[in-house]
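Chemist: The amino acid sequence is not available; the structure is as follows:
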């Protein structure tokens, strides 16, 4: 796919617009990082591979005390028979 676009000025930067069709085809989003390289006088733009975020166990468990506390506070709502038109 070949697309012609212009270089324009935005503030102090030179900006090239990437059409939505190319973003979609390449599975890119605004904010993704690209590498710009020069090869034989041509500009080559390549998306940087997204590395999945790795979480520490402590990060995954953060806030668990709050959820546990909420579950304990609402335990009464789980007991008893339906009152009204609830589906049991």
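Modeler: The structure has been received and is ready for your questions. Here the structure is a predicted model, which means the values were calculated and not measured.
Chemist: Could I get the full set of strands for this structure?
Modeler: For the chain, applying DSSP state E gives strands covering 7-10, 13-16, 34-39, 42-47.
Chemist: got those as CSV, with distance to residue 73 columns?
Modeler: To be clear about C-beta, it is placed using only N, CA and C from the backbone, and glycine gets the same treatment. What follows is the strands of the chain, written out as CSV (distance: least, CB to CB, whole Å):
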stretch, distance to residue 73
strand 7-10, 51
strand 13-16, 52
strand 34-39, 48
strand 42-47, 47
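Chemist: got CSV for the ones you listed, with mean neighbour count too?
Modeler: CSV is the format used below for the strands of the chain (neighbours: other CB atoms under 10 Å):
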stretch, mean neighbour count
strand 7-10, 8
strand 13-16, 9
strand 34-39, 9
strand 42-47, 10
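Chemist: For residue 36, list the residues it contacts.
Modeler: By CB atoms under 8 Å, 6 or more residues apart in numbering, residue 36 lies in contact with 43-45.
Chemist: The strands of the chain: which one's closest to residue 22?
Modeler: Nearest to residue 22, of all these, is strand 42-47, at 10.1 Å by CB to CB.
Chemist: and which of the contacts of residue 36 is nearest to residue 65?
Modeler: Nearest to residue 65 among the contacts of residue 36, with distances taken as CB to CB, is residue 45, at 46.4 Å.
Chemist: Which pLDDT value belongs to residue 88?
Modeler: pLDDT, residue 88: 62.
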